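S.K.: Let's see this in three dimensions:
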Amino acid sequence: MRALWNHSQKMLEARDLPVRIAILVELDAPDELLDAVREELRPKTAKAFVDVAVIEPGSVMRVDSTADAVVALVGSGTNDVSPTLHELNRKSLPTAVLSLHADCAELSRRVDHPENDVMTGDDARELVLGPLAEWMMARLPAKRVAVAHNFAFARRAVAKEAVKSTAWQNAAIGAITILPGTDMPIMTANQAKMLLQIAAAYGEPLGYDRVKELTAIVGGGFLFRAVARQLLDFVPGFGWAIKGVIGYSGTLAMGEAAIRYFEQGADLTGVLAHLREEATKVSSRAKELAADRGARTDAKRAHKAALAIERAERVRPTSEDGYIVVRESTEPRGD
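M.R.: Okay, here's the model as predicted:
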């Protein structure tokens, strides 16, 4: 409980970090791209700042020294925007170049900017929601939660990264843990921290009551145990591999479900309720499969017993020392 509470406070601190984004616009940048960026990069709190300026051809634009990243909206790329981009790269300030209806490699050469930081597409909004969101998540690791909290377009990318990294951690833990039972507490603790990260990214309150509820539900390892009982029962002899799969797929499923519920408007309490329902379904399915397996095992045993009785009826004693075996295609013969 204390560990989760401390983690929730860290998430709150990370969420409250200040964020400043500078937007530079080339003279002929498409209006639809500018509109999409203006709509999605609208701060949700007073801790976020967005500065907008037009790039003057041939000049070097000054960017606030506290800026965390720069988003340059480019049209043709022929208005001598390179000097500004060079200066930003010299200062090691993360700078994304966005453009519509352009070839990424060609635009990268034209403006002399790293191709990994150049994003192009045909739909302005999709360009912001997809590539730009992922770029910000990758280039601003220390402020991912704050970016997601302030700019809704980045929430999914930040949450999915938290899910993916936690899933791989749990996969490794499940595969390499030697002592039986020691992996589950670590996996479920990681799960709980992951849900706190997702909740923080989506702006959910992380008070004591929420953390307590999270501890009670996820801390019990309900989802992992239900899946584990099901898989380990049906695939004996490969426990290490199965636990690794459980660690990855179980965490992935829980994280994706949480993201889906948050995006549907559920709060943390609602998400936990949904996950509890999912765990109940998994457990019920496991019991059904176990019962089905038991029935099939009983049927196999009954079939073997019937065969044994049939074979016994074909063997009849003829003397104290020998037997005659009755065959279907021959007459009885003795030794």
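S.K.: C-alpha from now on. contacts and neighbour counts both.
M.R.: Noted.
S.K.: Low-confidence regions, the stretch 51-200 of the chain specifically.
M.R.: 175-184 (pLDDT under 70).
S.K.: switch to 90 and redo it
M.R.: Within the stretch 51-200 of the chain, the stretches with pLDDT under 90 are 56-59, 62, 65, 76-80, 102, 165-200.
S.K.: can you give me the helices in it?
M.R.: With DSSP state H, counting those that start in this stretch, the ranges of helices along the stretch 51-200 of the chain come out as 82-90, 104-111, 124-127, 133-139, 144-150, 155-176, 183-201.
S.K.: Out of these, which is the most enclosed?
M.R.: The highest mean neighbour count among the helices of the stretch 51-200 of the chain belongs to helix 144-150 (a mean of 28), with neighbours defined as mean count of other Cα atoms under 10 Å.
S.K.: Now tabulate the helices of the stretch 51-200 of the chain in CSV and tack on distance to Glu56.
M.R.: Converted to CSV, these look like this (distance: least, Cα to Cα, whole Å):
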stretch, distance to Glu56
helix 82-90, 9
helix 104-111, 14
helix 124-127, 23
helix 133-139, 25
helix 144-150, 28
helix 155-176, 33
helix 183-201, 36
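S.K.: Nearest to Phe49, out of these?
M.R.: With respect to Phe49, and counting by Cα to Cα, the nearest of the helices of the stretch 51-200 of the chain is helix 144-150 at 9.5 Å.
S.K.: which secondary structure elements does the closest one contact?
M.R.: helix 2-15, helix 155-176, helix 183-201 (3 or more Cα pairs under 8 Å, 6 or more residues apart in numbering; DSSP states H and E).
S.K.: Tabulate these (CSV), appending distance to Leu41.
M.R.: Shown next, in CSV, are those (distance: least, Cα to Cα, whole Å):
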stretch, distance to Leu41
helix 2-15, 16
helix 155-176, 12
helix 183-201, 15
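S.K.: Compare these and give me the one nearest Ala67.
M.R.: Within these, the stretch nearest Ala67 is helix 2-15; the backing value is 16.8 Å (Cα to Cα).
S.K.: Direction included, what does the next helix or strand after the closest one pair up with?
M.R.: Tracing the chain C-terminally past helix 2-15 and defining elements by DSSP states H and E, one meets strand 19-25 next. In the sheet containing strand 19-25, its partner strands are strand 48-54 (parallel), strand 69-73 (parallel), by DSSP bridges.
S.K.: and the ones you listed, which is most packed in?
M.R.: Of all those, as judged by average neighbours under mean count of other Cα under 10 Å, the leader is strand 69-73 with a mean of 23.
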